[in-house]
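[1] my questions are about this predicted structure, shown below with the sequence.
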Amino acid sequence: MIRLLVKFKDRTIKEFALDRIDRLSIGRNPTHHLVIDNYAVSGNHAAILKQGNRYVLKDTNSKNGTFLNGLTVQQATLKNGDIITIGKHTLVFLDRGRPRPRLEQGGLKTSALPGDPGPDHTMFMDTEIYRRMLAESGDIPELPKARSYVAFLAGGNGRFDLVKSLVTIGRTHRCDIVIGGLFSFLAGDPAAAISKTPQHHYISGVSGWIKPKVNGQTVRGPVRLKDMDVIKIGAVVLQYASEGQASP
């Protein structure tokens, strides 16, 4: 079995059987196979593609880069024991039929297999550049608590403050906002998600037959929410409110 272990602070939190997946997408958006909820991770960050009998790691124009064995890559064929770093998470590629790679050392360089400028062509950048960039930029500040929220117009009472970086809406109590009603079983788990950036909130459809609507328009997402937008998902109707939000 070809596996991908997802680790955070030396603890394995998830595992994927890659031989059953042709394409594993990675990013902050809730529609990906592997969702990493961290501001250092782009909405669409990277993907692992099955190409014949090999697996290729591809950066999908991420802002902060995708690291393979400590070096940034645009595209690279994975080998047994390869370590991928995305944000604060570590992904370990395991395939006992492939040799463990030698680590490259520093510097800005380009390398490719002899006579092959195609799929194995990889751009490497010294990780010190990335460390310095993070040190200078610092953490992206959180939005002030309770400045943005959704108020129930139907299907619930009161309001839900959008202080989390990701708020899920779905049919089970594993979600932050639960969809009730006769046809709630058609909703996904989650059916939709509201994600937070430093300036705005976005809603995306995730799974299930019931799709979210914003002001009567079906959303697959991500769609930026504006003050007083009305969100409908099954029996739940919410109104988004953001104090001091600038006009679009």
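    Sure, I can see it.
[2] from residue 52, how far off is residue 46?
    20 Å (CB to CB, to the nearest Å). Where C-beta positions appear, they are placed from N, C-alpha and C, glycine not excepted.
[3] more neighbours: which of the two?
    residue 46 (27 against 6; other CB atoms under 10 Å).
[4] what number of residues lie near residue 54?
    Around residue 54 there are 14 residues (other CB under 10 Å).
[5] could you list the low-pLDDT ranges of the protein?
    96-146, 198, 221, 243-248 (pLDDT under 70).
[6] break it into its domains for me.
    Using the TED database, the domains assigned to the chain come out as 2-95, 148-242.
[7] pretty sure residue 77 sits against residue 56.
    Yes: between residue 77 and residue 56 there is a contact under CB atoms under 8 Å: 5.5 Å.
[8] give me the distance between stretch 33-45 and the centre of its chain.
    Relative to the chain's own centre, stretch 33-45 is displaced by 3 Å; criterion: CA atoms, centre = their mean, to the nearest Å.
[9] likewise stretch 192-208?
    For stretch 192-208, the distance to the chain centre is 11 Å (CA atoms, centre = their mean).
[10] which of the residues in it are buried?
    192-196, 200-208 (16 or more other CB atoms under 10 Å).
[11] can you give me the end-to-end distance of it?
    End-to-end span of stretch 192-208 (CA to CA, to the nearest Å): 9 Å.
[12] and residue 17, bridged to which residues?
    When assigned by DSSP bridges, residue 17 has beta-bridge partners residue 3.
[13] do you know how far the closest residue to residue 184 other than its chain neighbours is from residue 7?
    Leaving out its chain neighbours, the residue that sits closest to residue 184 by CB to CB, 6 or more residues apart in numbering is residue 171, at 4.9 Å. Going from residue 171 to residue 7 by CB to CB gives 30 Å.
[14] now do the contacts for residue 180.
    The neighbourhood of residue 180, defined by CB atoms under 8 Å, 6 or more residues apart in numbering, consists of 155, 235-236.
[15] residue 171 and residue 7: which is more packed in?
    Remark: of residue 171 and residue 7, residue 171 carries more neighbours, 23 against 16, as counted by other CB under 10 Å.
[16] surely the more buried one and residue 207 touch.
    No: checked against CB under 8 Å, the pair residue 171 and residue 207 is beyond contact range at 10.0 Å.
[17] shared neighbours, the two?
    Joint contacts of residue 171 and residue 207 (CB under 8 Å, 6+ apart) are 188-189, 191.
[18] which one of these sits closest to residue 148?
    residue 191 (20.3 Å; CB to CB).
[19] for that closest one, phi and psi?
    phi -90, psi -30 (degrees, to the nearest 10).
[20] close enough to count as contact, it and residue 177?
    No: counting by CB under 8 Å, residue 191 sits too far from residue 177 to count as a contact (9.7 Å).
[21] now for these two: what residues contact both?
    169-170.
[22] of these two, who's got more company?
    residue 191 (26 against 21).
[23] ok, that one - contacts?
    By CB under 8 Å, 6+ apart, the neighbours of residue 191 are 169-171, 179, 205-208, 210-212, 233-234.
[24] same check on residue 150?
    159-160, 162, 177, 194, 231, 238-241.
[25] and with 6 Å instead?
    160, 238, 240 (CB atoms under 6 Å, 6 or more residues apart in numbering).
[26] inside helices: which ones of these?
    Judged by DSSP state H, the subset of the contacts of residue 150 located in helices is empty.
[27] so which of the residues you listed would you say is closest to residue 38?
    residue 160 (22.5 Å).
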